[in-house]
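[1] pasting a predicted model and its sequence here:
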Amino acid sequence: MRTGYNRNQTTWRRSKKKTSTPEYSGIDQDFLDILQQHTAGNPMNSSIRWTYLKPREIVSELLKKGYSVSRNIVRYLLKKHEYVKRKAQKNITMGGHPDRNAQFENITQLKQDYLDAGNPVISMDTKKKELLGTFYRNGSLYTQAAIQTNDHDFPSSATGSVIPHGFYDLKRNTGYITLGTSHDTSEFACDSLFQWWVNEGIIHYPKAKSLLILCDGGGSNSSRHYIFKEDLQKTANALGLEIRIAHYPPYTSKYNPIEHRFFSSCDSCL
C-alpha cells in the first residue's frame, strides 16, 4: 500500500506489522544534525547521549528542512539511532566503605544459617512520615468522579500524620506494618518489633531460639545510637528471645529486602 509524502518520485511504505522509514535521501544525517544541537551526553562515556526534544518538536524541525513525516517515523528514527525513552535510575552509590563486601558476605551467611536452623529472618525499616488529610497521592484508581485534593501539601493543613514501620519475613514472604502517630524513635521501633513477634512471629516460629533482623545503619535503628541497643535489650528480655542485628553498610539501604519486597507494594495504600 502506497502512502505518505511523494518527493522526487521517492516514496515510503508502511506495513501493518512494522513501521518503515521514509526513503528520503539524507534524512538520517539531517535528523542527527537536529539532535546534535539539542543533545547532552555522559562526559565519561561519549557513546551515551540523550536529547530533550520531543517527537513533535523533531517533526517541526524536519519540516523546516523539507521532510514531511509523522511522529511515528520520528520514533522509528530515534530507535534506529539507539535513542530509547528511559527513566533515571538511582544506581550510583554516593559513598563506599572498605568492609562493604565483607559485610554483605557476612549477612548472606547469617541468613542461610538462621533459615537452616528454622529461626526467623526479618527485614525492618521505616517509611517516610505521611500526612493525613486531603493531600495528593501518587498513583491512579478507577472512580466514577474526579478526585479533588488540596493544591498545596502544607503540614499545617494536615489532621495528623502516620509513621509506617514495617517488617518483612524472608522465609514466609509476608509483611507486617505498624503505624505510629508521633515520632520515629528507637522505642517505637522496638515496640513495633514486640507487636510483630506477639502477633506473627511466635505463631509461625514457636520453637525459635533466636531472631535475625536485617536493617539500615541509620534512623531509629541506627548502628551508632546506644538508645536503640538499650531498647532492643529490653525487648529481648521481655520476649525471652535472643535478637541479633545485622546492619547493612553505609549507602546500601536499597539492598535491604523490605525496600523492594514489601514497601514497594505499600506505596499505593498510603
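    Received it, and whenever you're ready, just let me know what you need.
[2] all strands of this protein, in order?
    Ranges of strands in the chain, per DSSP state E, are 2-7, 10-13, 39-42, 45-51, 121-126, 130-132, 160-169, 174-180, 210-215, 242-247.
[3] quick check: which of those is buried the most?
    Of all these, strand 121-126 has the most neighbours on average by mean count of other C-beta atoms under 10 Å, namely a mean of 24. C-betas here are computed from N, CA, C, even on glycine.
[4] tell me how far that one lies from the chain's centre.
    Computed by C-alpha atoms, centre = their mean, to the nearest Å, the chain-centroid distance of strand 121-126 equals 17 Å.
[5] quick one: residues contacting E242.
    By C-beta atoms under 8 Å, 6 or more residues apart in numbering, the residues touching E242 are K209, S210, L211, A236.
[6] still on that earlier bit, would CSV of the strands of the chain with distance to K229 be doable?
    Shown next, in CSV, are the strands of the chain (distance: least, C-beta to C-beta, whole Å):
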stretch, distance to K229
strand 2-7, 72
strand 10-13, 71
strand 39-42, 44
strand 45-51, 45
strand 121-126, 15
strand 130-132, 28
strand 160-169, 18
strand 174-180, 20
strand 210-215, 12
strand 242-247, 8
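[7] and K128, how many neighbours?
    8 (other C-beta atoms under 10 Å).
[8] need phi/psi at it.
    Backbone torsions for K128, taken as degrees, to the nearest 10, come to phi -70, psi 150.
[9] now do the closest residue to Y24 other than its chain neighbours: how many residues are near it, please.
    Distances taken as C-beta to C-beta, 6 or more residues apart in numbering place Y67 nearest to Y24, at 5.8 Å, with adjacent residues excluded. By other C-beta under 10 Å, 19 other residues sit near Y67.
[10] next: I227.
    13.
[11] correct me if wrong: it contacts F188.
    No. The criterion here is C-beta atoms under 8 Å, and I227 misses it with F188 at 11.6 Å.
[12] that older thread, so how far is L35 from the residue nearest to Y24?
    In this view, Y67 and L35 are 14 Å apart by C-beta to C-beta, to the nearest Å.
[13] which of the strands of the chain sits closest to G139?
    strand 130-132 (13.4 Å; C-beta to C-beta).
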